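**Student:** 3D model of this:
(chains A and B)
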Amino acid sequence: MTNEQIARQLEQIALLLQVEDANTFRIRSYERAAEAIRGLGEELSVLRHAEGGLEALPGIGEAIAQKIEELLDTGELTYLRELLAQYPEGFLELLRIPGLGPKRAALVFHELGVGTVDALEEACIREQVRELKGMGAKSEAKLLDAIAKYWQGRERALLGDMLPRAEEIVGFLRGLDAVIAADYAGSARRGRETVGDLDVLASSKDPAAVCRAFAEAGILAEVELAGDTKVSGYLPGGRQVDLRVVEPESWGAALVYFTGSQQHNIRLRERAQARGLRVNEYGVYREPAEGDEALGEPIAGETEESLYAALELAWIPPELREDRGEIAAAAAGELPELIEPADIRCDLHMHTRYTDGRASIAELAEAARARGYTHIGITDHSASLYVADGIAAADVGRQREEVDALNARFDAEGADFRVLLGHEVDILADGALDAGEETLALVDYVIGAVHQGMSADADRMTARVIGALASGHVDMFAHPTGRILLGRDAYGLHVGEVVAAAAEHDVALEINASPDRLDLSDVHARLAVERGVRLCINTDAHALGHLEFMRFGVITARRGWVPPEVVINTWPLPRLLEWLTARRSGCS
DNA sequence: GCCGTTTTCGGCCCGACTGTTTTCAGTCG
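**Tutor:** Residues are numbered from 1 along each chain as shown, chains lettered A, B, ... in the order given. Below is the predicted model:
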């Protein structure tokens, strides 16, 4: 039972309790617990044995701890099963229709016997929904529209696909005369690995003009709503975009508000409340005296910094705003110094035409130089990876010669740039490395990776990986969990044990920056940092354009509270070589 | 259901929009 599976079951309880009109704070407890679990790098099956047990985890008390224990022991949760038993199969799906919240779900279920999306659609078509209390023809039509959009499938999109589109929109807005400031907000600004809708924010003295210009710009394929402060619509392809425009004095407060996360905002407002303040999307206000209604003038809100300062907090980078302890850290002045894109000096995982890459070594080197890097590492696939046209052992020798010649040329030209030769070696099903001693001796470093036999169970896979890390031959471990976002689940792996092994043997764990991997994930990266493991952010480039992926790796690292010094590709080349040499001589 | 340098009991975020209402419930972010 994985953390994600447990989080989902707690979330289902929260949803069903809403339908039953339970105490909202009880509901929130389940929601918070689910989110808290998603933020854990370590598996609950391990944490239950840690000091203090599950109840030591923030957001998890006696009742939820017991439920987690039951799930871990039996794979089942009696309480959830009993809640679910009252409804037909598919009822939870019904709650995912926008516009149909828990109250209306209860209404259609109890009055019409509707318990699935199909049944709801039919009831709308038969005009039964409009007869219900508080509903009408318009609500019915909206539900039908929402169901149609639901069937089209609006699953989340990759950050890597959505960020460029968000930046285009922001670029357009910043070009408007009436716009003072513009930025994207929401989960895209927090850098979440996948994004649902795009939230875009602008400030202006004339919000209506900005809204008009955006609605008419042709960026949206369909404009759903165009008011004086808000425009909503869909990009070509169906992704929803919400633009909101605020007055300049509310810019910072609105940016915090629309960046979220929801749980982060709730924490901020709780903190405000304890100080006799109130926070909303327009600013920070003093709580009015008894009997007084008006809020008066805001005391902060023009910038994000002013809002956080009013709550006696340091400004919190958006990537950290997930209610994972960032507010306590900001209050204590203990926010981490986060890695920045400019800290990156190299890219140590890239493929060439020797295998399944599309560029040559020299082309990759030039592209990296143009980005301001001082070195790179070429790491083509080892021989047994047939699907990626793994490199023959003899060709590693040719690569060595090509790299040496290239470096000699850089030296001759006085260029401060160096190409290292690495090798992405498969960790075979039996844990052996897919490379002989001769090949290993030719290269400057080795990346270990799993590309085959991924269906092994977690215990076996973990032993296999740890065996490779302990061999002394592996300097880095690439895309550690093998997940493909929106594609393939991670293979079973006890990440906590692998992190411990990486710490013990001083192997760097990769944050693979490819937008469909981002592996390690943010929470696993944070676990690695806490356990003293070095990290390496690599693009795994198979083409020149892929060097751009580095930013997504850096964003993921920032979400994992990663400081620059633990990331080996922030190091100057001599330090990197020193570390590799020490590793190879077995001293480290 | 969780949590505590104001509390082990009594608190627990905030506002906008919509459609349905004669003053507000439900939903959303």
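**Student:** residues contacting residue A:199?
**Tutor:** For residue A:199, the contact set (C-beta atoms under 8 Å, 6 or more residues apart in numbering) comprises A:184-186, A:188-189, A:242, A:244, A:258-259. Every residue, glycine included, has its C-beta placed from N, CA and C.
**Student:** ok, it to DNA strand B distance?
**Tutor:** According to C-beta to the nearest atom of the strand, to the nearest Å, residue A:199 stands 6 Å off from DNA strand B.
**Student:** nearest residue to that residue other than its sequence neighbours?
**Tutor:** residue A:186 (3.4 Å; C-beta to C-beta, 6 or more residues apart in numbering).
**Student:** about what we covered before: pick out whichever of the contacts of residue A:199 sits closest to residue A:278.
**Tutor:** residue A:258 (17.8 Å; C-beta to C-beta).
**Student:** count of residues packed around that closest one?
**Tutor:** Residues contacting residue A:258 under the criterion other C-beta atoms under 10 Å number 20.
**Student:** how about the one 4 residues further on?
**Tutor:** For residue A:262, the neighbour count with other C-beta under 10 Å is 12.
**Student:** pLDDT score assigned to it?
**Tutor:** According to the prediction, residue A:262 has pLDDT 90.
**Student:** could I get the phi/psi values of it?
**Tutor:** phi -50, psi -50 (degrees, to the nearest 10).
**Student:** how much space between residue A:465 and residue A:505?
**Tutor:** Residue A:465 sits 11 Å away from residue A:505, going by C-beta to C-beta, to the nearest Å.
**Student:** those two: which has the busier surroundings?
**Tutor:** Taking other C-beta under 10 Å, residue A:465 and residue A:505 do not tie; residue A:465 has more neighbours (26 against 18).
**Student:** contact partners for the more buried one?
**Tutor:** A:427, A:431, A:448, A:450, A:477, A:480, A:493, A:498, A:501.
**Student:** show me how far the helix or strand containing it is from its chain's centre.
**Tutor:** Using DSSP states H and E, residue A:465 maps to helix A:458-470. Averaging C-alpha positions (C-alpha atoms, centre = their mean, to the nearest Å) puts helix A:458-470 26 Å from its chain's average.
**Student:** list the buried residues in that helix.
**Tutor:** Residues of helix A:458-470 classed as buried: A:458, A:461-462, A:464-469 (neighbour count, 16 or more other C-beta atoms under 10 Å).
**Student:** now, which of these sits nearest DNA strand B?
**Tutor:** residue A:458 (27.0 Å; C-beta to the nearest atom of the strand).
**Student:** so the closest one sits against residue A:493, correct?
**Tutor:** Yes. At 6.0 Å, residue A:458 counts as touching residue A:493 under the criterion of C-beta atoms under 8 Å.
**Student:** in its sheet, what does the strand ranked longest in chain A sit against?
**Tutor:** Assignment by DSSP state E gives strand A:418-426 as the longest strand of chain A. Applying DSSP bridges, strand A:418-426 is found paired with strand A:375-381 (parallel), strand A:445-449 (parallel).
**Student:** pull the contacting residues for residue A:384.
**Tutor:** Neighbouring residues of residue A:384 by C-beta under 8 Å, 6+ apart: A:390, A:426, A:428, A:434, A:452.
**Student:** give me the secondary structure label for it.
**Tutor:** With DSSP: H, G, I helix; E, B strand; the rest coil as the basis, residue A:384 sits in coil.
**Student:** pLDDT at it, what is it?
**Tutor:** 75.
**Student:** pull the residues that contact the longest helix along chain A.
**Tutor:** Counting residues, the longest helix in chain A under DSSP state H turns out to be helix A:393-413. Contact partners of helix A:393-413, identified using C-beta under 8 Å, 6+ apart, comprise A:354, A:361-362, A:365, A:378, A:380, A:383, A:391, A:417-421, A:423, A:435-436, A:438-439, A:442-443.
**Student:** buried stuff in that helix?
**Tutor:** Under 16+ other C-beta under 10 Å, the buried positions of helix A:393-413 are A:395-396, A:399, A:402-403, A:406-407, A:410.
**Student:** do the same with stretch A:422-441
**Tutor:** Going by neighbour count (16+ other C-beta under 10 Å), the buried part of stretch A:422-441 is A:422-428, A:431, A:433-435, A:439-440.
**Student:** list the contacts of the closest residue to residue A:155 other than its chain neighbours.
**Tutor:** Nearest residue to residue A:155, sequence neighbours excluded (C-beta to C-beta, 6+ apart): residue A:486, at 6.8 Å. Residue A:486 makes contact with A:155-158, A:194, A:516, according to C-beta under 8 Å, 6+ apart.
**Student:** now tabulate those residues in a markdown table and tack on neighbour count and pLDDT.
**Tutor:** Shown next, in a markdown table, are those (neighbours: other C-beta atoms under 10 Å; pLDDT from 0 to 100):
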| residue | neighbour count | pLDDT |
| --- | --- | --- |
| A:155 | 7 | 74 |
| A:156 | 16 | 86 |
| A:157 | 20 | 91 |
| A:158 | 18 | 94 |
| A:194 | 18 | 94 |
| A:516 | 19 | 95 |
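**Student:** so which of the residues you listed are in strands?
**Tutor:** Going by DSSP E, the strands hold A:157-158, A:194 from the contacts of residue A:486.
**Student:** next, count neighbours for residue A:376.
**Tutor:** Residue A:376 is flanked by 27 other residues according to other C-beta under 10 Å.
**Student:** sorry, wrong one. I was asking about residue A:210.
**Tutor:** By other C-beta under 10 Å, neighbour count at residue A:210 equals 26.
**Student:** helix, strand or coil for it?
**Tutor:** helix.
**Student:** low-confidence stretches in the stretch 101-250 of chain A?
**Tutor:** Counting by pLDDT under 70, the stretch 101-250 of chain A shows low-confidence ranges at A:153-154.
**Student:** show me what from it comes close to DNA strand B.
**Tutor:** Proximity of the stretch 101-250 of chain A to DNA strand B (C-beta under 7 Å from any atom of the strand) is limited to residues A:101-105, A:130, A:133-140, A:142, A:186, A:197, A:199, A:225, A:227, A:229-230.
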